[in-house]
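[1] Any chance you can model this:
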Amino acid sequence: MKKTTKRQMLIAIGIALNVIGAFIAMTFSIPFYMDSIGTILIAGLLGPKYAMLTGVLGSLSSGVLFDVYSFYYAPVQLLTGFFAGILYHTSWLKGWKTLIGSILIGVPTSIASAIITACLFQGITSGSSSAIVVILHHFGMNLVLSIFIVQVFTDYMDKLLAVIFTKMVIQRGKLEERWRI
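    You can find the predicted model right below:
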């Protein structure tokens, strides 16, 4: 099979993982977004350029299929793909540094998400974390700061789980490759 065809298939799988993850998170009101699992997987397998493409196409697909808010967060997927693609090929996503590396992916995406959520939606989106934003803002906290605080926690857990999943998939592939005859 051609290298280009394999790459396209992997990107399609990444998009599907993003859409399915986002749908599950939205349907069951999970406090994580689960919409960047495929983006981070492709970042680990193919690098930032393809991860960014996967993320944006996943956002657009989710927007068309079930969550119109997803359109507006495509820039967040660009950041996720970029930072995950860069960090995956450093030591920041290896061993205990995975905890810090996930923060390095999550903080820029949290900033972008907070700005988008505050400017376009006044803190309310389809996610279950909107209630926490409303409570923090009600008690006098600045809207963008309220959103950012919630985003940092939810984005961190979201990215950490996606990074762990990616590492497990890639490690399993390497093990299978070693044992092939």
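[2] what mean pLDDT does the longest helix along the chain have?
    Taking residue count as the measure and DSSP state H as the definition, the longest helix of the chain comes out as helix 143-179. Helix 143-179 comes out with an average pLDDT of 88.
[3] in this protein, which spans are helices?
    If DSSP H is used as the criterion, the helices of the chain fall at 3-27, 37-46, 48-65, 74-88, 97-121, 130-138, 143-179.
[4] got the angle for the helix-or-strand element of the chain with minimal mean pLDDT vs helix 143-179?
    Each helix and strand of the chain was given a mean pLDDT (mean pLDDT, DSSP states H and E); the minimum falls on helix 130-138 at a mean of 85. With axes from the mean of the first three to the mean of the last three Cα atoms, to 10 degrees applied, the angle from helix 130-138 to helix 143-179 works out at 150 degrees.
[5] Now helix 130-138 - C-alpha only, CSV.
    Taking only C-alpha atoms (Å, rounded to 0.1, in the frame of the first residue of the first chain), the coordinates of helix 130-138 have been written out as CSV:
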residue,chain,number,x,y,z
SER,A,130,-20.8,25.7,31.4
ALA,A,131,-22.5,25.3,34.8
ILE,A,132,-19.2,25.7,36.7
VAL,A,133,-18.4,28.8,34.6
VAL,A,134,-21.7,30.4,35.4
ILE,A,135,-21.2,29.7,39.2
LEU,A,136,-17.7,31.2,39.2
HIS,A,137,-18.8,34.2,37.2
HIS,A,138,-21.8,34.7,39.5
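[6] could we number from 5 for the rest of this?
    Shifting the count to begin at 5 puts that one at helix 134-142.
[7] any idea of the angle that helix forms with helix 101-125?
    Computed with the same axes, to 10 degrees, the direction of helix 134-142 lies at 70 degrees from that of helix 101-125.
[8] chain center to helix 134-142, what's the gap?
    23 Å (Cα atoms, centre = their mean, to the nearest Å).
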